[in-house]
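Colleague: need coordinates for the following:
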Amino acid sequence: MKGNLQTFLALALITAEPSLAQNAALIGEPYRSVVPIIWAATNALPQSILVCKVASNSFSQAIISNAMAIGSFQLINRMPWHEKSALHFRDKRESWTRVLTITPRDGSISYYDKSAEGTPVRGVPSAERLDDLALTYLVRLGGDTNQVLRKRRAARETVSTGYDKPGGRELSKEVWMRGATLDRQIEDIEDLGSSFMINFGNESKPSSFEFKWRNLRPHQRFPTPTPEQIVKWINSGRATVPPSVWDPAPAVPAGAKSLTITKIKLFYPGKGTGEIVYPVAELELVVDLGNNSKMPFYLNCPVIDVELGK
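Modeller: Alright, predicted model coming up:
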């Protein structure tokens, strides 16, 4: 049995090779400024910027065993799955209660347990305990607590409320689920391709979690561009308006007097990258329309000149 388990775990570590880098182009509508740009951002940036390489993902035998233990799974619980390299477990083939999927190819682990939900509610972790509990499970699944983005730990809870009659007086309020989302950073640059979302229910057991921690390896380091360089790139049309804020209508109305950059934040894109992941600057701006009228505006801009290597 031990030999079969080792063979099984070894097969789980085999993953597809990452695709070659196709480009470092930004997603969004290209933007070229025709009005003066004022730099007023005061938040500090690192002295140098790291470009990362996406290495093949794999999970150690210990991590796979930890994930299986969370759901009380054994090898006999493995089921066929459409992703050949994935490990898929259910407590029952039909009418299952617990399900676990480990996908080494993209470094993800997902889990769901119906039995941790429902009434009577018992032992849901307190808000004070939630953070430590989420970090404990992050470590069990192979995440690094030193890479957690502390400023954006999003907590949530689901509450059921009882009334004496429909639309009547509130009698009780009970939390039956608490959860947290831990975002990842590499040298204070947020990695949009990695995160850990976990919800806890009865007896403080995970009712669900989604773990994805990309295998980013240091590739090359570049000096951080100056504000003047970033403004130059915007003026030359290298910035883009992110799809989330771009509408077919003109992003900056005709007649605008100036653009003021008020904040800059760096991130590693989670989509459309390839083997090499280039950091990107997210810029918050204010458009001066004249007559004391202003509007917010957003741009993404490169922070590395890939063609020139600087």
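Colleague: show me where pLDDT drops low in the stretch 151-300 of the chain?
Modeller: Low-confidence segments of the stretch 151-300 of the chain (pLDDT under 70): 152, 161-165, 168, 170-172, 244-251, 271-274.
Colleague: 90 instead, please
Modeller: Applying pLDDT under 90 to the stretch 151-300 of the chain flags the ranges 151-176, 214-217, 241-256, 269-277, 291.
Colleague: could you measure from Leu283 over to Ile49?
Modeller: Remark: distance between Leu283 and Ile49 (CB to CB, to the nearest Å) = 15 Å. (Each C-beta comes from the backbone N, C-alpha and C, glycine too.)
Colleague: helices of the chain, start to end?
Modeller: 2-12, 61-70, 127-140, 227-235 (DSSP state H).
Colleague: quick one: which of those is nearest Pro242?
Modeller: Pro242 sits nearest to helix 227-235 of all the helices of the chain, at 13.9 Å, using CB to CB.
Colleague: now the closest one: buried residues?
Modeller: Neighbour-count burial for helix 227-235 flags 230-231, 233-234 (criterion: 16 or more other CB atoms under 10 Å).
Colleague: worst average pLDDT in the helices of the chain?
Modeller: When these are compared by mean pLDDT, helix 2-12 comes last with a mean of 44.
Colleague: since we're on Pro30, how many residues are nearby?
Modeller: 11 (other CB atoms under 10 Å).
Colleague: residue contacts, it?
Modeller: 237, 239-240 (CB atoms under 8 Å, 6 or more residues apart in numbering).
Colleague: so which residues make contact with stretch 189-198?
Modeller: Residues contacting stretch 189-198 (CB under 8 Å, 6+ apart): 46, 49-50, 107, 134, 137-138, 141, 143, 149, 152, 179-185, 206, 208-214, 216, 265-271, 273, 277, 279.
Colleague: residues in contact with the nearest residue to Ser126 once chain neighbours are set aside?
Modeller: The spatially closest residue to Ser126, leaving aside those adjacent along the chain, is Arg178, at 7.9 Å (CB to CB, 6 or more residues apart in numbering). Applying CB under 8 Å, 6+ apart to Arg178 gives the contacts 124-127, 130, 155-158, 199-200.
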